[in-house]
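Trainee: whatever this is, show me its structure:
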Amino acid sequence: MLRHLRVTNFAILSDVTLELGEGLNVLTGETGAGKSLIVEAVNLLRGGRASADIPRAGASEAVVEAIFEVPEDLEARVGAVLAEAGIARSGLDSDDVLVRRVIQRGGRSRTYVNGVLTTAARLAELGALLVDLSGQHQHQGLVDPARHREIVDVFAGEGTAEMTDAWQALRAIEGQLSELGGDERARAERVAYLKYQVEELDAARLEPGEDERLEIERTRLAAVDQLAAGARAAEEVLYGAEVSAVGQLGRAARELDKLTRLDPTLDGCARQIGEARVLAEDAASTLRHYADRLEGDPARLGWIDDRLDLLRRLVRKHAAIDRNRLDALIARADELRAELHALEHRDERMVELDRARTTARTRAEAAARVLTASRAKAGRKLEREVGAALAELGMASARLSVAITTGELGPHGHDELELMLASNKGEEPRPLAKVASGGELSRIMLAVKLILRRADEVATYVFDEVDSGVGGATATVVGKQIRAVADHRQVLCVTHLPQIAAFADLHVHVAKHEVDGRTETIAKKLTGQARKDELARMLGGTATPRARAHAAELLEEARTRSAHAVPHRAR
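Mentor: Numbering: from 1, shown residues only. This next block holds a predicted model:
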């Protein structure tokens with residue numbers, strides 16, 4: 001849920017902070033006080049576009065910041081979005097997400113999630129899970145048929161993973177078949193080219209690590225005279241010279257042998273010198289044998305140069321420029337052989353892929369049929385439940401229907417879905433965009449949200465004056481329905497109707513006033529008598545005793561209705 005919101009230098013919102021809670025959070029206040037600006041700020045937190053004139057006059061930028069507490073049932077999906085974007089957890093509670101938008105004058109903005117700079121597009125992906133915004137204009141998205149299949153699928157609750165997997169498998173096989181098809185002449189030319197390349201690489205008899213071994217051997221052969229001279233010189237110093245290391249160590253050993261008879265503690269030092277003498281003799285012998293075996297081999301050196309030149313040429317030709325150059329070339333040779341084999345055995349492979357395509361299509365068709373049946377069942381149930389909700393909202397004669405038509409098989413199955421509305425009895429259902437007025441769309445949207453409240457995967461609902469054009473007994477029903485939505489998800493609702501505000505768990509009053517000749521907005525939590533006074537103002541313009549009494553009645557009625565509808569909820 002949206003736990004904390006702070007907006008600074010955002011039009012008349014100089015510095016407004018809201019601490020919100022579970023259930024129904026209501027914003028009320030006079031028209032123009034800044035309520036819808038707060039909603040606009042929330043829309044920015046879900047990836048909405050920033051207007052050029054947002055920053056307050058005299059400020060270079062506006063800032064919107066929020067802390068979202070992610071519900072347990074959304075943690076996995078939110079975590080996946082964060083991981084894909086390379087964004088770590090917030091460092092606060094593990095299920096919190098920190099979002100910050102900085103909007104500069106002119107419309108440019110910067111977006112941060114958990115302190116990491118990201119894009120508005122990535123925020124929109126995350127925001128779709130955190131906030132669902134429905135308002136005087138945002139609910140127009142309900143008339144978009146592209147969203148209708150998603151609405152029905154969410155209501156069905158069975159998911160489309162099997163259909164998605166089956167479609168992707170089918171498309172992958174069709175892609176392989178497409179690669180094997182094409183122009184016969186081009187394929188023959190490719191086979192000839194591959195044969196030449198593979199024969200050349202096979203003739204080279206490539207061995208892993210061969211280039212490194214040859215480089216070491218070449219260095220040794222090229223320096224054979226230098227190596228022999230150095231080895232003999234070292235052997236001479238150790239053993240052959242008149243004053244050799246072995247001889248000096250021998251004299252030292254003899255001196256210590258005399259001394260250990262006088263002081264046994266020198267016995268260890270005497271042993272070390274004796275061991276050093278033996279090691280020096282062994283090293284001298286090794287150097288002598290090494291130098292005796294060394295001999296130049298111009299033919300071998302020439303062969304190595306030719307071999308290394310061939311390997312380098314093949315590496316350059318096949319672009320195997322890698323730290324393990326020869327290993328990369330060997331891997332490239334394997335790829336060319338595999339491609340050649342596939343082309344030479346094209347007919348066999350096409351038969352194999354054709355069988356696989358048939359199997360994959362059968363699976364996809366089966367998944368599509370399951371989806372169609374699920375959507376038909378969910379559509380009928382959605383029609384009944386939305387119809388009942390619309391009847392409560394004063395649209396008893398309206399009938400919402402789900403039209404399902406069959407199209408080509410695709411990632412979502414065969415079905416094209418569209419929500420249709422018959423506003424009055426006896427009328428044929430028509431697309432929402434053609435028959436629904438703004439007020440009707442508001443009530444249809446509310447009815448759909450009410451029905452989807454348990455299935456919809458979103459943390460917070462925002463309703464911005466969706467009660468427009470509603471009054472009287474219908475206003476109380478709207479309040480009860482918004483209350484029902486809030487019993488399952490957090491709701492932030494902007495309203496001018498006291499019948500709706502009376503259902504709130506948290507009531508915030510938004511007002512504007514002048515400070516040093518400038519207009520600023522303040523948001524204040526209302527409790528007790530202050531809340532009754534605000535409801536009284538909403539009822540009659542002024543908080544008269546009669547209006548206060550009516551406000552008290554509304555609060556009691558809302559409390560009774562809520563307790564009756566949701567007995568498990570502590571009020």
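Trainee: hey, which helix is longest across the chain?
Mentor: In the chain, assigned by DSSP state H, the helix with the most residues is helix 346-392.
Trainee: need the next SSE after it, C-terminal direction.
Mentor: Sequence-wise, the next helix or strand downstream of helix 346-392 (DSSP states H and E) is strand 399-410.
Trainee: tell me which stretches of the stretch 451-571 of the chain form strands.
Mentor: In the stretch 451-571 of the chain, the strands defined using DSSP state E, counting those that start in this stretch lie at 460-464, 490-494, 506-515, 518-526.
Trainee: considering these, which stretch scores lowest in mean pLDDT?
Mentor: For the strands of the stretch 451-571 of the chain, mean pLDDT drops lowest on strand 460-464, to a mean of 86.
Trainee: so what does that one touch, helix or strand wise?
Mentor: The elements that strand 460-464 packs onto, with contact taken as 3 or more C-beta pairs under 8 Å, 6 or more residues apart in numbering; DSSP states H and E, are helix 35-45, strand 131-135, helix 472-486, strand 490-494. In short, each C-beta sits where N, CA and C put it, glycine included.
Trainee: what helix or strand is residue 26 on?
Mentor: Counting by DSSP H and E, residue 26 is found in strand 24-28.
Trainee: who does that strand touch, helix- and strand-wise?
Mentor: Helices and strands touching strand 24-28, by 3+ C-beta pairs under 8 Å, 6+ apart, are helix 35-45, helix 472-486, strand 490-494, helix 498-501, strand 506-515.
Trainee: got the phi and psi for the residue nearest the centre of the chain?
Mentor: In the chain, the residue lying closest to the centroid (C-alpha atoms, centre = their mean) is residue 81, at 2.4 Å. Main-chain torsions, residue 81, degrees, to the nearest 10: phi -60, psi -40.
Trainee: that one contacts residue 126, correct?
Mentor: Yes - the pair residue 81 / residue 126 is scored as a contact, 5.0 Å apart, by C-beta atoms under 8 Å.
Trainee: re earlier: partners of the strand holding residue 26 in the sheet?
Mentor: Applying DSSP bridges, strand 24-28 is found paired with strand 490-494 (parallel), strand 506-515 (parallel).
Trainee: contacts for the first one, please.
Mentor: Under the contact criterion C-beta atoms under 8 Å, 6 or more residues apart in numbering, strand 490-494 has outside partners 1-2, 20-28, 35-36, 38-39, 42, 135, 459-466, 482, 485, 500, 504.
Trainee: closest to residue 338 out of the helices and strands packed on strand 24-28?
Mentor: When the helices and strands packed on strand 24-28 are compared for distance to residue 338 using C-beta to C-beta, the nearest one is helix 35-45, at 50.1 Å.
Trainee: now that closest one against strand 490-494, angle please.
Mentor: Per axes from the mean of the first three to the mean of the last three C-alpha atoms, to 10 degrees, the angle that helix 35-45 makes with strand 490-494 is 140 degrees.
Trainee: how far does the helix or strand following helix 35-45 sit from the chain's center?
Mentor: Downstream of helix 35-45, the next assigned helix or strand under DSSP H and E is strand 61-69. The chain centre lies 20 Å from the centre of strand 61-69; the measure is C-alpha atoms, centre = their mean, to the nearest Å.
Trainee: which other helices and strands does strand 61-69 contact?
Mentor: strand 2-10, helix 35-45, strand 96-104.
Trainee: tell me which of those is the most buried.
Mentor: Greatest average neighbour count among the helices and strands packed on strand 61-69 goes to helix 35-45 (a mean of 23), per mean count of other C-beta atoms under 10 Å.
Trainee: how about residues contacting that helix?
Mentor: 2, 5, 7, 10-13, 16, 18, 27-29, 48, 50, 64, 66, 99, 101, 103, 109, 123, 127, 130-131, 133, 135, 138, 462, 464-465, 492, 494, 510, 521, 523.
Trainee: distance of residue 465 from residue 217?
Mentor: Counting by C-beta to C-beta, to the nearest Å, the gap from residue 465 to residue 217 is 84 Å.
Trainee: neighbour count winner among the two?
Mentor: Higher neighbour count among residue 465 and residue 217: residue 465, with 20 against 14, using other C-beta atoms under 10 Å.
Trainee: got phi/psi on the more buried one?
Mentor: phi 50, psi 40.
Trainee: and this structure, what are its domains?
Mentor: 2-136+465-565, 210-323 (automatic domain parsing).
Trainee: for the shortest one, give the mean pLDDT please.
Mentor: By that I understand domain 210-323. On average, domain 210-323 scores 87.
Trainee: now that domain: how far from the chain's centre is it?
Mentor: Taking mean C-alpha positions (C-alpha atoms, centre = their mean), domain 210-323 and its chain are 59 Å apart.
Trainee: any weak-confidence spans in the stretch 101-250 of the chain?
Mentor: Residue ranges of the stretch 101-250 of the chain with pLDDT under 70: 135-143, 182.
Trainee: what segments of it are helices?
Mentor: Ranges of helices within the stretch 101-250 of the chain are 120-130, 145-156, 161-180, 184-203, 210-222, 224-235, 245-262, based on DSSP state H, counting those that start in this stretch.
Trainee: which one of these lies closest to residue 429?
Mentor: Here helix 145-156 is closest among the helices of the stretch 101-250 of the chain (C-beta to C-beta), at 12.9 Å.
Trainee: not counting its own residues, what contacts the closest one?
Mentor: 141, 159-160, 371, 374-375, 377-379, 381-382, 402, 412, 415-419, 431, 448, 451-452, 455-457.
Trainee: export that helix as PDB, just CAs?
Mentor: Below are the C-alpha coordinates for helix 145-156, written out as PDB (Å, rounded to 0.1, in the frame of the first residue of the first chain):
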ATOM      1  CA  PRO A 145     -11.200  -3.300 -26.100                       C
ATOM      2  CA  ALA A 146      -7.500  -4.200 -25.800                       C
ATOM      3  CA  ARG A 147      -8.000  -4.200 -22.000                       C
ATOM      4  CA  HIS A 148     -11.200  -6.300 -21.900                       C
ATOM      5  CA  ARG A 149      -9.500  -9.700 -22.400                       C
ATOM      6  CA  GLU A 150      -7.200  -8.900 -19.500                       C
ATOM      7  CA  ILE A 151     -10.100  -8.000 -17.300                       C
ATOM      8  CA  VAL A 152     -11.900 -11.300 -18.000                       C
ATOM      9  CA  ASP A 153      -8.700 -13.300 -17.600                       C
ATOM     10  CA  VAL A 154      -8.000 -11.700 -14.200                       C
ATOM     11  CA  PHE A 155     -11.600 -12.500 -13.100                       C
ATOM     12  CA  ALA A 156     -11.300 -16.100 -14.300                       C
END
